[in-house]
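Asker: fold the following for me, if possible:
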Amino acid sequence: MPSALAYRSLRRVASAPVARQIVQRLRAQHDELLLAIGKLESHVLASNTKPDKLEDIEFKVFSQFGEDGILQYLIRTIGIHPDSFVEIGTGDYRESNTRFLVQNNNWRGLVIDGGESHVKFVLGTGMSWRHDVEPVSAFVTTDNINALMKDNGFEGQVGVLSIDVDGNDYWLWKAVAVVDPAIVVMEYNALFGPTAAITVPYDPSFVNSEAHYSQLYFGASLGAFVHQANERGYRFIGCSSNGANAFFVRDDVANDLPSLTSAEGYRASRFLTSRNPDGTMSRMRSVEDRLRLIGDLPVVDVTTGATTTVAAACLGGAR
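Answerer: Numbers count the residues shown, from 1 in each chain. Just a heads-up that it's a prediction; the model follows:
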């Protein structure tokens, strides 16, 4: 068994600058390997020109799930569009919907998150000079979303807009006015089901972990996003298979991509992310039980503007 002195020595080595450099180098090599695999995936994908469903062309490089493959398919399928993007809600940007577009397709983009980790990641890696990515730290609201894009050089047509903030997602897309994206990627709350058209009420300081201890009360239903998409001249073309992100394409560049109803394209989620009051994971599986946890909380029906409750919208009022 190593001695206590040996353990202390190992800890000192692990915390030394040279050890951090080694870790950074290993991460960079790991990312280069992922990128190389992703390039191969992308070439294979090019031969699948007519997938039956989006799941058929999913692959993951830097996205959380299969979004990288879906976006590669879409940018090859749609009409003429700019090679630029805006992504709001990126975490540290190591795992995001647009990073593969940057490193595989050399797109330029704006990445916005309320923290600082994405800024440190972009500016602290070769991405800061090999590519044109602008990282901005800001808590995005309906009041500042357009200024954040315009002030950082993003106006008019862009290729992709991706929003994932676990809260005001519906209201943020509704407020977007200075960019006109060809493709929109929105995280939806699959717990709300395939047909309800609801969202949490707008609150500029919304944080899902504070809104309810379960962290199940956030965002909008797929039906709400499909309703807004149709109003804005977009068609809903499907969801990622894990039930997290929905994809929309502007009608004038969509070519022969399908236009689906929310019921047709809905994918349920099997995420077991609900929490107990003490913050531990509950791993609650029943959809009905999870909905009852947040049943009394308010939601807005986006088709009428009326405020109702989660239970009334998703459980027919049952508790």
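Asker: now the residue nearest the centre of the chain, what are its backbone angles?
Answerer: Central residue of the chain (CA atoms, centre = their mean): Asp164, 4.0 Å from the mean position. With angles defined as degrees, to the nearest 10, Asp164 shows backbone torsions of phi -150, psi 90.
Asker: heads up, I number from 59, so please use that
Answerer: With 59 as the first residue, the last one maps to Asp222.
Asker: residues contacting it?
Answerer: Ile146, Gly147, Thr148, Asn155, Val243, Met244, Glu245, Asn303 (CB atoms under 8 Å, 6 or more residues apart in numbering). C-beta: built from backbone N, CA, C; applies to glycine.
Asker: just the strands in this structure please.
Answerer: In the chain, the strands defined using DSSP state E lie at 142-146, 166-171, 191-195, 214-221, 237-245, 256-257, 292-297, 303-308, 356-359, 365-367.
Asker: adding mean neighbour count, mean pLDDT and distance to Ser272, write the ones you listed out as JSON lines.
Answerer: Below are the strands of the chain laid out as JSON lines (neighbours: other CB atoms under 10 Å; pLDDT from 0 to 100; distance: least, CB to CB, whole Å):
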{"stretch": "strand 142-146", "mean neighbour count": "25", "mean pLDDT": "98", "distance to Ser272": "24"}
{"stretch": "strand 166-171", "mean neighbour count": "24", "mean pLDDT": "98", "distance to Ser272": "23"}
{"stretch": "strand 191-195", "mean neighbour count": "18", "mean pLDDT": "97", "distance to Ser272": "28"}
{"stretch": "strand 214-221", "mean neighbour count": "22", "mean pLDDT": "98", "distance to Ser272": "22"}
{"stretch": "strand 237-245", "mean neighbour count": "23", "mean pLDDT": "98", "distance to Ser272": "17"}
{"stretch": "strand 256-257", "mean neighbour count": "28", "mean pLDDT": "98", "distance to Ser272": "17"}
{"stretch": "strand 292-297", "mean neighbour count": "23", "mean pLDDT": "97", "distance to Ser272": "23"}
{"stretch": "strand 303-308", "mean neighbour count": "25", "mean pLDDT": "98", "distance to Ser272": "21"}
{"stretch": "strand 356-359", "mean neighbour count": "20", "mean pLDDT": "98", "distance to Ser272": "15"}
{"stretch": "strand 365-367", "mean neighbour count": "15", "mean pLDDT": "97", "distance to Ser272": "15"}
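Asker: in CSV: those, plus distance to Ser263.
Answerer: Listed next are the strands of the chain as CSV, based on distance: least, CB to CB, whole Å:
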stretch, distance to Ser263
strand 142-146, 16
strand 166-171, 16
strand 191-195, 16
strand 214-221, 17
strand 237-245, 19
strand 256-257, 16
strand 292-297, 29
strand 303-308, 25
strand 356-359, 16
strand 365-367, 19
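Asker: out of the ones you listed, the one nearest Lys111 is which?
Answerer: Among the strands of the chain, strand 292-297 comes nearest to Lys111, with 6.4 Å by CB to CB.
Asker: quick check: which helices or strands does that closest one pack against?
Answerer: With contacts taken as 3 or more CB pairs under 8 Å, 6 or more residues apart in numbering; DSSP states H and E, strand 292-297 sits against helix 280-289, strand 303-308, helix 320-323.
Asker: looking at those, which one is packed in the most?
Answerer: Compared across the helices and strands packed on strand 292-297, strand 303-308 shows the largest average neighbour count, a mean of 25 (mean count of other CB atoms under 10 Å).
Asker: would you mind writing the CA trace of that strand as PDB?
Answerer: What follows is strand 303-308, C-alpha atoms only, in PDB (Å, rounded to 0.1, in the frame of the first residue of the first chain):
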ATOM      1  CA  ASN A 303     -34.800  18.900 -29.300                       C
ATOM      2  CA  ALA A 304     -37.200  19.800 -32.000                       C
ATOM      3  CA  PHE A 305     -36.100  20.900 -35.500                       C
ATOM      4  CA  PHE A 306     -37.800  23.600 -37.600                       C
ATOM      5  CA  VAL A 307     -36.900  24.800 -41.100                       C
ATOM      6  CA  ARG A 308     -38.100  28.000 -42.800                       C
END
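Asker: that strand pairs with which strands?
Answerer: With DSSP bridges as the test, strand 303-308 is paired with strand 237-245 (antiparallel), strand 292-297 (antiparallel).
Asker: so how far is it from its chain's centroid?
Answerer: In this view, strand 303-308 has its centroid 11 Å away from the chain centroid, taken as CA atoms, centre = their mean, to the nearest Å.
Asker: could you list the residues in contact with that strand?
Answerer: With contacts defined as CB under 8 Å, 6+ apart, strand 303-308 is touched by 112, 123, 125, 128, 132, 136, 155, 222, 238-246, 280, 283-284, 287, 291-298, 315, 323.
Asker: to Ser100, which of the helices and strands packed on strand 292-297 lies closest?
Answerer: Using CB to CB, those put strand 303-308 closest to Ser100, at 17.1 Å.
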